[in-house]
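Participant: Got a sequence here, can you build the structure:
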Amino acid sequence: MSNQELVKRFEIKEVLPCITTPGYIRFTAQADREIGEVIPIVFLKFPP
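Facilitator: Numbering: from 1, shown residues only. From the prediction side, this is the model:
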């Protein structure tokens, strides 16, 4: 894996409606590695 490739595979397992916000979704997913360091990057790119 190159330095630019934080996650190679990300699989969405389940998509459900959001419990608290109508029109939003929530999902469970699995990545091919730990994504703790990626979460802040995703949050900045796609804020809630």
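Participant: any chance you could map the helices in the protein?
Facilitator: 39-45 (DSSP state H).
Participant: can you list the weak-confidence ranges in it?
Facilitator: Residues of the chain meeting the criterion pLDDT under 70: 1-3.
Participant: cutoff 80 now
Facilitator: 1-6, 48 (pLDDT under 80).
Participant: show me where it has strands.
Facilitator: 10-17, 25-31 (DSSP state E).
Participant: counting contacts, what elements does the longest one pack onto?
Facilitator: Spelled out, it's strand 10-17. On a contact count with 3 or more C-beta pairs under 8 Å, 6 or more residues apart in numbering; DSSP states H and E, strand 10-17 meets strand 25-31. For every residue, glycine as well, the C-beta is placed using N, CA and C.
Participant: The strand it packs on pairs with which strands?
Facilitator: strand 10-17 (antiparallel) (DSSP bridges).
Participant: May I see the buried residues of the partner strand?
Facilitator: Within strand 10-17, no residue qualifies as buried by neighbour count (16 or more other C-beta atoms under 10 Å).
Participant: same thing with stretch 23-32?
Facilitator: Buried, per 16+ other C-beta under 10 Å, within stretch 23-32: nothing.
Participant: so how far is it from its chain's centroid?
Facilitator: Counting by C-alpha atoms, centre = their mean, to the nearest Å, stretch 23-32 is centred 6 Å from the centre of its parent chain.
Participant: returning to that earlier point: can you list the strands of the chain in CSV and add distance to Val38?
Facilitator: Formatted as CSV, the strands of the chain follow (distance: least, C-beta to C-beta, whole Å):
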stretch, distance to Val38
strand 10-17, 9
strand 25-31, 8
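Participant: Nearest to Pro48 among those would be which one?
Facilitator: Of all the strands of the chain, it is strand 25-31 that lies closest to Pro48, at 11.1 Å by C-beta to C-beta.
Participant: can you list contacts of that closest one?
Facilitator: 7, 9-19, 38 (C-beta atoms under 8 Å, 6 or more residues apart in numbering).
Participant: can you rerun that using 7 Å?
Facilitator: Val7, Arg9, Phe10, Glu11, Ile12, Lys13, Glu14, Val15, Leu16, Pro17, Cys18 (C-beta atoms under 7 Å, 6 or more residues apart in numbering).
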